[in-house]
Each structure stands twice: as structure tokens, then as C-alpha cells.
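[1] Kindly return the folded structure for what I paste below:
(chains A and B)
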Amino acid sequence: MRHPHLNARRRTAVIGIAAATALGLAACGPEITSDEGPTTGPGSSEPPAENQLVAPDSPEGEITIWDRSGDLFEVFEAAIPAFNERYPDIVVHHEAVDIDAKLQNTLITGTEVPDGVFLDDARVAGYADFLWNLDGVLEPYLGEIAEYKVDVNSTTEGIFGVPFDSNPGLLYYNAAALEDAGVDATTIETYDDLLAAARDYADAVPGSAPIHLEQSPFLAQLQLEMFASQLGTSIADADGELRLDSPEYEQILTFLDTVQSEGLGTRAEYLDPTDIAELENGNQVFYPWAIWFDFAPQQLLPETSGDWRAMPLPAWEDGGARSGVMGGSSFVLPSESENADLAWLFYEFLMFDEAGYTSVWGPSEVYPDGLNTSIPSYAPAADPSEPLFAPVEALGGQDLWAVATEAGEQIPGTVPTPSWWAGAVEYLGNDLQRMYDDDLSPQEVLASSSEAIQTNLIDRQ
Amino acid sequence: MAALTAARTRRRLAPYVFVLPFVAIFAAFSVYPLFFTARLSFTSWRGSGAAEWVGWENYTYLLTSSAFWSSLANSGILWVLIIPAQLVIALLAAVLLNSARIRLRGFFRVAFIVPFVTPLVAVAQIWVVVFDTQYGAVNGALNLLGLPDIGWLTTTVWAKPTLALLFIWKTTGFIIIILLSGLQSIDGTLYEAASIDGASRRRQLTAITAPLLRRTIMFAVVLQTLAVFQMFAEPFVVTQGGPYSSTTTAGYYLYNHITRADLGTGAANSFLLVLLVMVLSLVFVRLLRAKD
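    From the prediction side, this is the model:
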């Protein structure tokens, strides 16, 4: 005989158990506070734990190192034997990983956390809660590391990245095309000079648009920050307060707006088919960009390879800084990893030991003439008189090492890149493009981007 | 007696034991994340330390954010551009592939499914080159006809249709397979009877095929609606949500919160998206039932 009330009771019990299980499961998350701010981390009311990394007593064990795939992975891979000569008892597991896609989840979950990670400078401050504080171990080297590079790896609580490379902004120019047009690029010292040279070139070569204007919102914002860095400013100050709506940014945007409105700019995405074609056909002859643009004449511009040269960026005013920083990377050591102290030895060797930085920047299978897409940020390694990489044939045999190291010395100090920097592309990066479309004036870009970034990013931190 | 009781207990427990593996996996990978996300959506949490309880703030922020509504509108427009066109193409292709008179049916069936199994990243790279404004093959063809260049991926007017075209090209093969299986379940004697009664092929299509495929079509619509509103990879690879966020779909907008480690807002956004997709699915199911 069936008992309906019994079935109903059983059903209720099952539902009750399921609900209790679900709620129990849901409770297995982060601790929730109702305070003004979290108990740890940014905005915390309590001082954070020091979390200082200490160098190991016994250099022995295994480390897992994450690098992004590509040429730099190969460069670091080739440097491991030199490291093992110094530290034979440390086994390096070197993995090519899509760091942007994987790191955040790995750090949050704390599972299979690598001991060292290659990371864009712009992301270091955002991950600081998950990383070892490197104040102590970096202390002996701090005086010799480029000031801005230490700044971008720092928060108010400490230094969280081992500085890797320096990416000084340079002005690449097609010397052959300019010479044919009767324009002497070597006399350019300020952005006004650059505008004048571009006008002369446009007059001599009808249909040309000599200066590159970046169409990718992300890279356009990165380039804007390079210009700002020359002026000693950046999107946010050391406290994370927005400082975009300023005379410095207005000066930069006015310059870019002038290039656009006078038809002096080729608007294209960095090295996309249009960009490459316009570089090859001589329509685009000025490229203010980070040192890593030299990859293009070496690999992507067969027609004009050898015609290109590099010089320090023009200054915003007579006597001003002739370079700014654009991009760059460092190495971080996650605090949840097992052998971060051994990973520190790996990075210490690569960056601060002559045998290490020579194996990174010197000739290798990947770069037979040396790694010339960046320079070291550690001064003894970046000695202008002792080049680690050879003159670049694609730049007509120019000594890029000397140009870049001298430019790098002029980069003003800066502040950490705010964690919301990439999110700002949706506003500032897009508004820059709207300015190029003549939809916004420089002042409108600054006003609208500032408001949107404040409301949607900073206020929601 | 004891043996009888034990046997009865075993019989009673058996079904629960059989479903236990599924329930365990379902609880771990569906129920737990669902409740975790629900809880997270009421907090401000960046992945470390304690989360701060913020009540409905994340939901309020999203519901008053023009970017959120614009991402939904982008997905809505893509839905309009994709679903009707895709259904018509898929239905015609499925009917043709179901016909015994078509030669090389096997070849065509494989050909239609190839885009679906081709990695999106590879396809997207080709798309970017083919639709390049100055040097793309599509504009090259237009120029041959005396037509001007079009900014397929660089203008707000054309970026969505270009993305829709990619989605249609990539996924129509899958819909063809679904419709083909529906077609093959229709009793062939219905067509024979209709032929004897003098019904033309078009009449057979509208009076037999379409009505009997309605459930299959609805299934395809629900499936594709989910796919369109969750669309992420296509804008991520081809346009990065641009130009000017015109291809920032609901799925891509959600991803943006996660990359900024704004996990609470991301969780709230997912719930709003789930709610929307549930409502849309229910509407389609209701439409289906109403006709039944």
C-alpha cells in the first residue's frame, strides 16, 4: 500500500537536504565582511602582512617558470644551461603559457601555482596581493635599476616584480625616403620639428601621410602613455588618483589631433597589412614607438629593410626628455608557490649576473646578433659602451644599442600602473579613436574619458 | 526475513547509487558554481582577501550602466542578423541534402560541417585579412565592380554584419545537421501521399516539412539564441569588441569584468545574462506549445 504523506515527507526531506547542501557549498567561498573595506588587500584597514621573500639557504630543488610563447620563451630557454652551470641542483621546468588567460585563475584558486611568471609591467600592481614582496632581495640592486622600472613594479607596500627589460620610446624613420624627398630627419629635436618635417615630406610626396597614428585602442593608449611618460606624468598618480585631465595630456592630444586634421597621419593598426603596405610604399615614414618596432624592418619590411633608422623621440619642449616608456615586462613570484626563493635565484642570475644577462641579450640561436627588441633595465647591463647586441643591418647597420641605452637614461621616473589600466582602453582608447574620427576634440576626450574611468573603474575598485 | 529486508533495502538504494555519480558531478560543477556565483554577485571581491558585502550594488550598477544595455543591444542586433538568415540557409541546405536526387551528398554534408569543426582562431585570422579595408580580397572585388572600399571591421555600421557573417558561416553546418536529422524522422509516406494528391514540391515544403520540423527548428533557435547571447570568441579574436564597443556582445562585456578582477560585478552580470536567456528560451518554448 502506498502512503502519499510518506512520499511527500520523503520529497520534502530530499529537497531540504539538497537546499542545505547547496547553501553549504555556496558558503565555501571567500570570507565576506560588511565593513567599509576588505580585511586584507587594497583598501584594507589593517596593515598587510610583509610577505617578504628571503633568498634560500640551500639552492636545490625544482622550479616551474611560466613564459609567454614566442621568441622570448626561446631566449629564456636558451639561457637555462648557463643558469644550471651556476646552480646545478636547481631543475627548471620552463613552460610556455597564455599568461593573460591563465594567471588570474591560478592565483585565485592557488592550485599548481608556478614559482616565477613573466608579466607585463602594467599588470604587476594589480596582482600584488598574490605576490612576494621583493624589497629585501632586490635591495642590493635597486640603485642600479632604471628608476621608472622600479616604480612600475612598486605599490605603497613594496616592490613586487623583478625588473626585466627597458622599452624606451624611439622615433623610427625611413631615412632613404626622407632623403629622396629632401627632408633631413636628423635635425628633429622637438615635436614641432617633427610636424614641420612631416609637412615638408607631404609636400614633396603627394598622397603621403608621414606619421603613424595608431588605430588599435589598446596600443593607441599605450603610445599615449609613452608620450605622457616623457612629460613625467601618467594616467594616475602614485595614490591611484586620476590625473588625465591635465595640460600635459592636452598638449599631447593637440599634437595628435593636428597630425590627423592636417592629413599628416597614416591611421592603421600596428603592423597590420595596411600599416605594412604604407611603410613599404614610402607613404608612412615616421613611427614614434617603443624600441620593439625594430622587429618590423628586420622581419616584415623586405622592401625598405636597411632604409630605416632610429633616433630618440623628439622632446615636447626644447631640452625636454627625449624618451618615454612604452610597454615592458618583469618577473613576479607568486606567494602561494612552493619554490619562489629558488625562482628568485633564476631571475637574479638572468638579470643581475653578467653571465645571465649576456645569455639573454647576447647572440643566441633565436637572435644571432643578440636580442635587440629591448635593452636591460639594470644599468651595468645597459652600458652604452658595451653593447650586448650587434648593430642592426635592417637599420642600415646602425648601433641601436647606443641609441636605445642613451634614450633609456632619459626616461623620467613614474608611478605604478593602476590595476584598471587595461579597462581604461574602453574609454580613453576608444575616445582617442573618436578624436581621430573628428567626433571629439582633445578637451572632450580628456573630459569624457576622465568621467567614465572614474565612474566605471576607479569608483568600483 | 533479515535477508528479505536486506534485499529490499538494496533494491531501494540501487537507483540512488546509480544516479549518485551524476549527482556528485552535477553538484560539484553546476550547483556549487551557481550558488557560489550567486553569493559572489552581492559582494565586491578581487580574488584575494575577504569579500565585501555590497548588497544589490553590482546589479544596480549594471542596470543603470549604458555599457551593459549597449552590450545587450549589440547581441540583440546580432541575433536579428544571424538567426533568420541562418535558419533559411540551413533549411534549404538540409532539404537539398536530404534529397535522394542530389549527387555527392556525402561530400556536401562533410563540406558544410567543415567550418564548424575548423578552429575559430584560424578562421578569424583569415577573416581579418579578407575583410581588411585597403588590402582585403572583399574590397578588391568591390573595386573591380567600381564600388568604393568598405570598412568591414573598422566602422560601427559594418562591423556587426561582418561578425554575423562569420558566425553564420561558422555554425550553419551544425544547424544543417540538426535540421537534417529532423527531416529524416519525417515519414516518407506523407510526401508520397501528397504527391499522389498533386501537391507541388513547394507545397510539400510548406505543408509537410516546415510544420513537422517546427520542434526541431525551435530547438535550433533556442540553441543559437544561447550561442549568440554568449558569443565571446568571435569579437575577442576579430574586433576586440570594437570599433567603439559596437561588437561588445553580452558575453564579451561579461569577460571584461573578469579580466579586471571585478568578480562581483562579473557574477552579477552572468546572473542577469542567465535570466535574460532563460526568459527568451521560455518565450520560444511557449510559442512552440501554443502552436501545438
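
[2] any low-confidence regions in the stretch 1-150 of chain B?
    Residue ranges of the stretch 1-150 of chain B with pLDDT under 70: B:1.

[3] any chance you could map the helices in it?
    B:2-26, B:32-40, B:57-63, B:66-98, B:105-117, B:120-130, B:137-144 (DSSP state H, counting those that start in this stretch).

[4] Quick one: closest of the ones you listed to residue B:209.
    With C-beta to C-beta as the measure, helix B:66-98 is the member of the helices of the stretch 1-150 of chain B nearest residue B:209 (6.7 Å). For every residue, glycine as well, the C-beta is placed using N, CA and C.

[5] Okay, buried residues for the closest one please.
    Across helix B:66-98, burial judged by 16 or more other C-beta atoms under 10 Å in any protein chain shown covers B:68, B:70-72, B:74-79, B:81-83, B:86-87, B:89-91, B:93-95, B:97-98.

[6] Assign residue B:198 to helix, strand or coil.
    Per DSSP: H, G, I helix; E, B strand; the rest coil, the secondary structure class of residue B:198 is coil.

[7] Next one: it, what pLDDT does it get?
    Reported pLDDT at residue B:198 in the predicted model: 91.

[8] Distance check, it against residue A:227.
    Using C-beta to C-beta, to the nearest Å, one gets 77 Å for the distance from residue B:198 to residue A:227.

[9] tell me the secondary structure for the residue positioned nearest the centre of chain B?
    Nearest residue to the geometric centre of chain B (C-alpha atoms, centre = their mean): residue B:227, 1.7 Å. Of the three states, residue B:227 takes helix under three-state DSSP.

[10] Now do the host helix or strand of residue B:211: distance to the chain's middle.
    Per DSSP states H and E: residue B:211 is located in helix B:210-212. Distance, stretch centre to chain centre, for helix B:210-212: 22 Å (C-alpha atoms, centre = their mean, to the nearest Å).

[11] cool, stretch B:83-95 as well?
    15 Å.

[12] and what of stretch A:118-136?
    Centroid separation for stretch A:118-136 versus its chain: 13 Å, with C-alpha atoms, centre = their mean.

[13] does chain B sit close to it?
    Yes: counting by C-beta under 8 Å from any C-beta of the partner chain, chain B has neighbours in stretch A:118-136: A:126, A:129, A:130.

[14] Excluding chain neighbours, what is closest to the second one?
    It refers to residue A:129. residue B:48 (4.1 Å; C-beta to C-beta, 6 or more residues apart in numbering or on different chains).

[15] That neighbour: how many residues sit nearby?
    Neighbour count of residue B:48, defined by other C-beta atoms under 10 Å in any protein chain shown: 20.

[16] Could you double-check that it sits in contact with residue A:131?
    No: using C-beta atoms under 8 Å, residue B:48 is not in contact with residue A:131; the gap is 10.3 Å.

[17] ok so, going back, which one's more surrounded, residue B:198 and residue A:227?
    Remark: of residue B:198 and residue A:227, residue A:227 carries more neighbours, 23 against 7, as counted by other C-beta under 10 Å.

[18] any idea how far the more buried one is from chain B?
    Residue A:227 sits at a distance of 22 Å from chain B (criterion: C-beta to the nearest C-beta, to the nearest Å).

[19] average pLDDT across the helix or strand containing that residue?
    Using DSSP H and E, residue A:227 sits within helix A:217-230. Per-residue pLDDT values across helix A:217-230 average out to 96.

[20] right, and the helix or strand after that helix?
    Toward the C-terminus from helix A:217-230 - assigned by DSSP H and E - lies helix A:247-261.

[21] Kindly calculate the angle that that next one makes with helix A:217-230.
    Using axes from the mean of the first three to the mean of the last three C-alpha atoms, to 10 degrees, the direction of helix A:247-261 lies 130 degrees away from that of helix A:217-230.

[22] Spit out the contact partners of residue 93.
    With no chain named, the answer covers chain A. A:62, A:63, A:64, A:65 (C-beta atoms under 8 Å, 6 or more residues apart in numbering or on different chains).

[23] wait, I meant chain B there
    Shown in contact with residue B:93 (C-beta under 8 Å, 6+ apart): B:112, B:172, B:176.

[24] 7 Å instead?
    Each residue near residue B:93 by C-beta atoms under 7 Å, 6 or more residues apart in numbering or on different chains is listed here: B:112, B:176.

[25] One more: residue B:262?
    residue A:460.

[26] how much space between it and residue A:458?
    Taking C-beta to C-beta, one finds residue B:262 at 12 Å from residue A:458.

[27] shared neighbours, these two?
    In contact with both residue B:262 and residue A:458: no residue, using C-beta under 7 Å, 6+ apart.

[28] How about the residues of chain B by chain A?
    Contact residues, chain B versus chain A (C-beta under 7 Å from any C-beta of the partner chain): B:27, B:31-32, B:35-36, B:38-40, B:43, B:45-53, B:129, B:132-135, B:242-245, B:256, B:259-262, B:265.

[29] Leaving out chain neighbours, which residue sits closest to residue B:71?
    Residue B:71 sits nearest to residue B:253 (C-beta to C-beta, 6+ apart), 3.6 Å away.

[30] same deal with residue A:107?
    Nearest one to residue A:107, counting by C-beta to C-beta, 6+ apart, is residue A:130 at 4.1 Å.

[31] My guess is that neighbour contacts residue A:332. True?
    No: with contact defined as C-beta atoms under 7 Å, residue A:130 does not reach residue A:332; the gap is 8.5 Å.
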